[in-house]
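Student: quick one, what's the 3D model for this:
(one chain, ligands or ions: 1)
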Amino acid sequence: MEYETLETKKEGNLFWITLNRPDKLNALNSKLLEELNRAVSEGESDPEVRVIIITGKGKAFCAGADITQFNQLSPTDAWRFSKRGREVMDKIESLSKPTIAMINGYALGGGLELALSCDIRIAAEEAQLGLPEINLGIYPGYGGTQRLTRIVGKGRALEIMMTGDRLSGKDAERYGLVNRVTPLSNLEQETRKLAEKIARKSPVSLALIKEVVNKGLDSPLASGLSLESIGWGVIFSTEDKKEGVNAFLEKREPNFKGK
Ligand SMILES: CC(C)(COP(=O)(O)OP(=O)(O)OC[C@H]1O[C@@H](n2cnc3c(N)ncnc32)[C@H](O)[C@@H]1OP(=O)(O)O)[C@@H](O)C(=O)NCCC(=O)NCCSC(=O)CCO
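Tutor: Okay, the predicted model is just below:
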């Protein structure tokens, strides 16, 4: 597919999406947001793709929503702007395939919110992460108020949103905001290694894990636990379950087909 503001690359079972407005630190203008929406659909619908990785070109992962658009927005436009950004982030969170945000540099505002909608975040030690919307006299509008709070807890999330301060990759790891950090020089290799490991697992198990975890987090514990058991029953109908159990019994590596 053709894109102007991002690049996609298929590498075996991995699908790389690279935001590509480096001179604007990959700020999310409407074009980039819509192309991102299209690119994740492309990865989701390709049966060969098992893991989707999102990253940025240049010194930023993404510096957030494009601020140059803000002065033209009426309050109703702003509501639609936030809603559309949120819809794209919600869609990324609900993909059936695992997603990894490879945070190579600035992940600010909507850029951090994009990373928060991914399943796993790996950051360069040199990266800087934050929600600086407060400095614009606004607040996060692409899901950050909710997702950050669920990931790092209320006190830390409020501090990040109320100060607008940027965290280093290492501090973000300490806060539990990213899964791990690595020097920038090692980031791609480390991300690829993790993505390839996940890509070898059963796509059906991966999709059900995501569904049960995400829907469970939105539900009372008893409902989440019940969903887990129902899904567990469903997964026993799959060829991948047969393959996984037989591979163990036959002392060989499983070859999961996603069926
Ligand atoms: C990320 C910062 C700290 C980087 O600073 P610096 O290295 O000095 O680089 P700059 O010269 O500032 O930036 C280069 C170039 O990119 C443009 N740009 C950067 N961020 C944005 C953005 N979010 N929107 C539009 N354009 C952006 C910047 O204007 C420069 O363009 P020129 O044409 O060369 O002037 C610093 O850039 C920074 O603080 N950026 C803003 C971060 C931010 O506030 N993000 C939140 C946005 S609101 C939001 O996301 C709502 C959703 O919740």
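
Student: which residues in this structure form strands?
Tutor: Counting by DSSP state E, the chain has strands at residues 6-11, 14-19, 51-56, 60-62, 99-103, 106-108, 120-124, 128-130, 167-168, 180-182.

Student: pairing partners for the first one, with directions?
Tutor: It stands for strand 6-11. Strand pairing for strand 6-11, using DSSP bridges, gives strand 14-19 (antiparallel).

Student: and the contacts of the partner strand?
Tutor: Contact partners of strand 14-19, identified using C-beta atoms under 8 Å, 6 or more residues apart in numbering, comprise 5-10, 26, 28, 32, 36, 39-40, 42-43, 46, 49-57, 61-62, 192, 195-196, 199. Where you see a C-beta, it was placed from the backbone N, CA and C, and this is true even at glycine.

Student: one more time with 6 Å
Tutor: Outside strand 14-19, the residues within contact range by C-beta atoms under 6 Å, 6 or more residues apart in numbering are 6-9, 26, 39, 43, 49, 51-57, 62, 195.

Student: equivalent analysis for stretch 248-258, please.
Tutor: Ser202, Pro203, Val204, Asp240, Glu243, Gly244, Ala247.

Student: how long is it from one end to the other?
Tutor: By C-alpha to C-alpha, to the nearest Å, the extent of stretch 248-258 from end to end equals 18 Å.

Student: give me the number of residues near Gly130?
Tutor: Gly130 has 23 neighbouring residues, counting by other C-beta atoms under 10 Å.

Student: circling back: of the contacts of strand 14-19, grab the buried ones for ChimeraX.
Tutor: Here is the ChimeraX command that selects only those of the contacts of strand 14-19 that count as buried (16 or more other C-beta atoms under 10 Å):
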select :6,8,26,39,43,49,51,52,53,54,55,56,57,62,195
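
Student: of the contacts of strand 14-19, which ones also sit close to the ligand?
Tutor: The subset of those lying close to the ligand, counting by C-beta under 6 Å from any ligand atom, is empty.
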